[in-house]
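Undergrad: After the sequence you'll find the predicted model.
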Amino acid sequence: MIKLSIIIPAYNEQATILELLGKVAEQKVDGVQFETIVIDDGSKDKTVDLLEAHPELYSTLIRQPQNGGKGAAVVAGLKQATGDYILFQDADLEYDPADYARMLEPVKRFNADVVMGSRMVGSPITRVSYFWHKVGNWMITLIFNILNNTTFTDVYSCYLLYRRSLVDVSALKTQGWDQHAEILTSAVAAGKGYFEVPISYYGRTYEEGKKIRAHHVIPVLWTMLTKRLSR
């Protein structure tokens, strides 16, 4: 039996959190046990009230005393995780938990260390979104592949699944958008088998709550470079 810890940071997600958790709870994969860890990052809306009213939808609820950002919430969740593998899930509905079985296939068949869900290769459904986001993602992915001698197509997909033992949470130094790059670089450095699978993507617009901006690319690239050179 494989145990998968699903890390779900949430900040002011009252509009989507219950629907998302309902979709997570629906997932059944033979040979896999799910541990759902929700981290409320100091929400100011009704996110916490909704979560506390529906404890059947998760394994663990962590309440951050104040908003520390997604990175701080991720660290809090990772410290509580007990699974063999980690999978990140945003609290909105951009990514579909129905893809969990696809993400887990390389683990079950090939004992994969890292699995990336790619929006760029054979995606069943992808919402057309911002051109410059795709250009930025292409650039980040290209530089990551050059630095790490890999062939990923979408390194900044939320759906990153990795063997928990590959990344020491106490050693993580970043808490911004660059944290994803630090975790992936660490997992790739410590692991051996890396895979990609196609996933669906229903991206939000800025009006719908999307937060990433062009300036976030700079710390991401810096973290990829410094983390790689420090190995």
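TA: Yep, that arrived. Fair warning: this is a prediction, and the values are worked out from it, not measured in the lab. Numbers count the residues shown, from 1 in each chain.

Undergrad: Wait, a helix at T185?
TA: Yes - under DSSP: H, G, I helix; E, B strand; the rest coil, T185 falls within a helix.

Undergrad: Need the nearest residue in space to it, chain neighbours excluded.
TA: K227 (4.4 Å; C-beta to C-beta, 6 or more residues apart in numbering). Where C-beta positions appear, they are placed from N, C-alpha and C, glycine not excepted.

Undergrad: surely the one you found meets E182?
TA: Yes - look at K227 against E182 with C-beta atoms under 8 Å: they come within range, at 5.6 Å.

Undergrad: The residue nearest to T185 sits in which helix or strand?
TA: helix 217-229 (DSSP states H and E).

Undergrad: what's the neighbour count on T16?
TA: 18 (other C-beta atoms under 10 Å).

Undergrad: Next, work out how far apart it and I8 are.
TA: 11 Å (C-beta to C-beta, to the nearest Å).

Undergrad: Overlap in contacts, the two.
TA: A91 (C-beta atoms under 8 Å, 6 or more residues apart in numbering).

Undergrad: Give me the angle between the lengthiest helix in the chain and helix 217-229.
TA: Longest helix in the chain by number of residues (criterion: DSSP state H): helix 131-148. Angle, helix 131-148 to helix 217-229, by axes from the mean of the first three to the mean of the last three C-alpha atoms, to 10 degrees: 10 degrees.

Undergrad: Contacts only, for the residue of the chain most remote from its centre.
TA: Computed with C-alpha atoms, centre = their mean, the maximum C-alpha offset from the centroid of the chain is found at A53, amounting to 25.1 Å. Taking C-beta under 8 Å, 6+ apart, we find A53 in contact with no residue.

Undergrad: What pLDDT is listed against it?
TA: For A53, the pLDDT comes out at 98.

Undergrad: follow-up on the earlier one: from the chain's centre, how far out does the longest helix of the chain sit?
TA: 17 Å (C-alpha atoms, centre = their mean, to the nearest Å).

Undergrad: Stretch 78-90 too?
TA: Distance, stretch centre to chain centre, for stretch 78-90: 9 Å (C-alpha atoms, centre = their mean).

Undergrad: what about it, how long is it end to end?
TA: 14 Å (C-alpha to C-alpha, to the nearest Å).

Undergrad: Could you do stretch 57-70 as well?
TA: One end of stretch 57-70 sits 21 Å from the other (C-alpha to C-alpha).

Undergrad: Could you check how far it is from the centre of its chain?
TA: Between the mean C-alpha location of stretch 57-70 and the chain-wide mean there is a distance of 15 Å, by C-alpha atoms, centre = their mean.
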